[in-house]
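K.L.:
heads up, no residue letters with this:
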């Protein structure tokens, strides 16, 4: 009872009415101000900001027209080789000679291009329709390269035309020379089979490799050109590698997808 009376007396005492009321310590006010600023910035970013993402898929450097597999129209034994890998051929140029029961027959290029591989060897026996060479469809060795990147069909719809692409070239040290720059020029409409990919690239093994996880969608990437590099293309490092890059070089493409808002606002 005495404690209660002392407490009431203390409340009724006017001795401390002239002292200022302290709502918070200075440190607490600073923390409050910082919290308000952080919340304001977060709210602004949630409305106007975006989150970027990348889609990484395997690919290969080639030419826009692709390649074709040259097949022998006859069965017999290869007796002579006229072409060599890397050689530029005109349409109708002889590639090799096959000895048949009816006499010697030349297997000729069906379209102009550059020989990328020779399967037929002197002394080997070929059957009708057997692959003897792969030829890249180019008019000259100086035609610009493109990259064909094969993305999973479930992800192809997220790839926009014009998107930036960073290409890691297998034969170029990334830490030293960086990545090759490009942009998406076209996105395929339908998944491609192993046979379709092999027909375009002129390589059955690549067709099987790019379809190992299912039939992908082909994405055509146009490489950015540069007069300041020896390769003739733009790299993330200013100079890029000191040598040219060739077709049929494996790459890994990181496609920058369309930026997404971090929050989707639901309006009534």
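P.N.:
Right, received. Where do you want to start? Nothing here was measured: the structure is a model prediction, and the numbers come from that model.
K.L.:
Just give me the neighbour total for residue 160.
P.N.:
By other C-beta atoms under 10 Å, 12 other residues sit near residue 160. Where C-beta positions appear, they are placed from N, C-alpha and C, glycine not excepted.
K.L.:
Against residue 184, how distant is it?
P.N.:
Residue 160 sits 7 Å away from residue 184, taking C-beta to C-beta, to the nearest Å as the criterion.
K.L.:
what ranges of the stretch 151-268 of the chain fall below the confidence cut-off?
P.N.:
Filtered on pLDDT under 70, the stretch 151-268 of the chain yields the residue ranges 258-268.
K.L.:
err, the stretch 1-150 of the chain, not the other one
P.N.:
1-52, 141.
K.L.:
hmm, 50 instead?
P.N.:
45-46, 49-51 (pLDDT under 50).
K.L.:
can you give me the helices in it?
P.N.:
For the stretch 1-150 of the chain, applying DSSP state H, counting those that start in this stretch gives helices covering 2-12, 26-48.
K.L.:
Could you pull out the strands in the protein for me?
P.N.:
For the chain, applying DSSP state E gives strands covering 54-62, 67-71, 76-81, 88-89, 94-100, 103-108, 113-118, 125-126, 131-136, 146-152, 164-169, 180-187, 216-223, 250-256.
K.L.:
ok now the first one, how far from the chain's centre?
P.N.:
Between the mean C-alpha location of strand 54-62 and the chain-wide mean there is a distance of 3 Å, by C-alpha atoms, centre = their mean, to the nearest Å.
K.L.:
Just the buried positions in that strand, please.
P.N.:
Across strand 54-62, burial judged by 16 or more other C-beta atoms under 10 Å covers 55, 57, 58, 59, 60, 61, 62.
K.L.:
got it, and the third one?
P.N.:
Buried residues in strand 76-81, counting neighbours by 16+ other C-beta under 10 Å, are found at 76, 78, 81.
K.L.:
who's the first one bridged to?
P.N.:
So the one you mean is residue 76. residue 126 (DSSP bridges).
K.L.:
Centre-most residue in this protein?
P.N.:
residue 253 (1.8 Å; C-alpha atoms, centre = their mean).
K.L.:
Please look at that residue and residue 59 and confirm they touch.
P.N.:
Yes - counting by C-beta atoms under 8 Å, residue 59 is a contact partner of residue 253 at 4.9 Å.
K.L.:
who touches both of those two?
P.N.:
147, 149, 167, 219, 221 (C-beta atoms under 8 Å, 6 or more residues apart in numbering).
K.L.:
so how far is residue 236 from residue 226?
P.N.:
Separation of residue 226 from residue 236 (C-beta to C-beta): 12 Å.
K.L.:
Tell me how far residue 113 lies from residue 174.
P.N.:
In terms of C-beta to C-beta, residue 113 sits 31 Å off from residue 174.
K.L.:
Likewise for residue 65?
P.N.:
Applying C-beta to C-beta to residue 65 and residue 174 gives a distance of 29 Å.
K.L.:
same question, residue 241
P.N.:
Taking C-beta to C-beta, one finds residue 241 at 11 Å from residue 174.
K.L.:
Check residue 163 too.
P.N.:
Distance from residue 163 to residue 174, by C-beta to C-beta: 20 Å.
K.L.:
Check residue 63 too.
P.N.:
24 Å.
K.L.:
Tell me which of the two has more neighbours.
P.N.:
residue 63 (19 against 15).
K.L.:
The more buried one is in contact with residue 140, isn't it?
P.N.:
No - taking contacts as C-beta under 8 Å, residue 63 lies outside contact range of residue 140: 10.4 Å.
K.L.:
beta partners of residue 61?
P.N.:
Bridge pairing for residue 61 - DSSP bridges - gives residue 147.
K.L.:
likewise residue 182?
P.N.:
Here residue 182, judged by DSSP bridges, has bridge partners residue 165, residue 223.
K.L.:
list the contacts for it?
P.N.:
Residue 182 neighbours (C-beta under 8 Å, 6+ apart): 147, 164, 165, 166, 167, 221, 222, 223, 224, 253.
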